[in-house]
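Engineer: next input, structure requested:
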Amino acid sequence: MKIIRKPLRVALIAALLSLLMIGTAYAAFGRPRWTGTRPGGDVAEYTDLAARGRMEKTVGYPFRAVEHFQNGYVFRKMRVAGEAVFDEAYNVLQEYDSVHLYYEKPGAPGLTVSVSPVLDLPDRGKAPAPGGTRTVEGIEVRFSRDHYRLVPEDYEKTEADLAAEAAGHYYISFGADEEAEYDFSFASFTLDGAEYTLMADGALDEETLFAMAGELIAAGPG
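Structural biologist: Residues are numbered from 1 along each chain as shown. Got it, this is the predicted structure:
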């Protein structure tokens, strides 16, 4: 089993950054949790949303998706990833399958919609407060903009790093060949036992992501 040293945001950020051939980090739990790929799960890619029924059977839960958003983003492909959550000793706490849908728009940053089951883990801590919240179609949607720094394994955190991490929305991931920094925007919500996260380059603002989240919620299950 391949284990990736990556604090948990339910592995969602990795789905977006995989388009850039990198990995990243997010700490959403009070105690360290690590995510990694695992055997199993349908890792094939589909370019037709008609395959959603097949994917729902694979992951074990229904999910919502749209062919296109009103602002011009169009569905490109989707895939299922088999994932697991590990504790500090890399013991498996929970295995699950997540869904990643990729959208694109000419001249705009790529958008990923990731869906995973709500995880019931012990000692769950609180994620940093969102940058904003809004009730959309009766569902609370949370917006945040985070900064991610990828560093080599031998990197030592500075006082500035520690202060930024304590302030929230600043995350460091070890294991990169060279240092790199990225900003990403997120809109997330929980619906029908699943967690949805819309992720894009930080250039997308909260009004845009709130509107797109509303379209997904209104779309209803498949």
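Engineer: quick one, phi psi at the most far-flung residue of the chain relative to its centre?
Structural biologist: Each residue of the chain has a distance to the centre, and by CA atoms, centre = their mean the biggest one is for E159: 27.7 Å. Backbone dihedrals for E159, given as degrees, to the nearest 10, come out at phi -60, psi -40.
Engineer: next one: it from A166, what distance?
Structural biologist: E159 sits 11 Å away from A166, taking CB to CB, to the nearest Å as the criterion. (Each C-beta comes from the backbone N, C-alpha and C, glycine too.)
Engineer: cool, and V113?
Structural biologist: For V113, the distance to A166 - CB to CB - is 30 Å.
Engineer: the more surrounded of those two?
Structural biologist: V113 (29 against 8; other CB atoms under 10 Å).
Engineer: show me where this protein has strands.
Structural biologist: Under the criterion DSSP state E, the chain contains strands at 34-37, 45-46, 74-86, 92-104, 111-117, 132-136, 139-151, 170-174, 180-191, 194-201.
Engineer: mind giving me the packing neighbours of the second one?
Structural biologist: Which is strand 45-46. Using 3 or more CB pairs under 8 Å, 6 or more residues apart in numbering; DSSP states H and E, the elements in contact with strand 45-46 are strand 74-86.
Engineer: mind checking how far stretch 73-83 is from the chain centre?
Structural biologist: 12 Å (CA atoms, centre = their mean, to the nearest Å).
Engineer: let me fix that, I meant to ask about stretch 65-85.
Structural biologist: Offset of stretch 65-85 from its chain centre (CA atoms, centre = their mean): 12 Å.
Engineer: buried ones in it?
Structural biologist: Buried residues in stretch 65-85, counting neighbours by 16 or more other CB atoms under 10 Å, are found at 65-66, 69, 73, 75, 78-85.
Engineer: ok, now stretch 94-106?
Structural biologist: By neighbour count, and taking 16+ other CB under 10 Å as the criterion, the buried residues in stretch 94-106 are 96-103.
Engineer: and the angle for the lengthiest helix in the chain with strand 132-136?
Structural biologist: As far as residue count goes, and with DSSP state H defining each element, the longest helix of the chain is helix 206-219. Between the axis of helix 206-219 and that of strand 132-136 there is an angle of 30 degrees, by axes from the mean of the first three to the mean of the last three CA atoms, to 10 degrees.
Engineer: and the contacts of helix 206-219?
Structural biologist: Among residues not part of helix 206-219, those counted as contacts by CB atoms under 8 Å, 6 or more residues apart in numbering are 64-66, 69-71, 73, 111, 113, 131-132, 134, 136-137, 139, 141, 143, 185-187, 189, 191, 196, 198, 200.
Engineer: ChimeraX command to pick out the buried ones of the residues you listed?
Structural biologist: Buried subset of those, written as a ChimeraX selection, criterion 16+ other CB under 10 Å:
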select :64,65,66,69,73,111,113,134,136,139,141,143,185,186,187,189,191,196,198,200
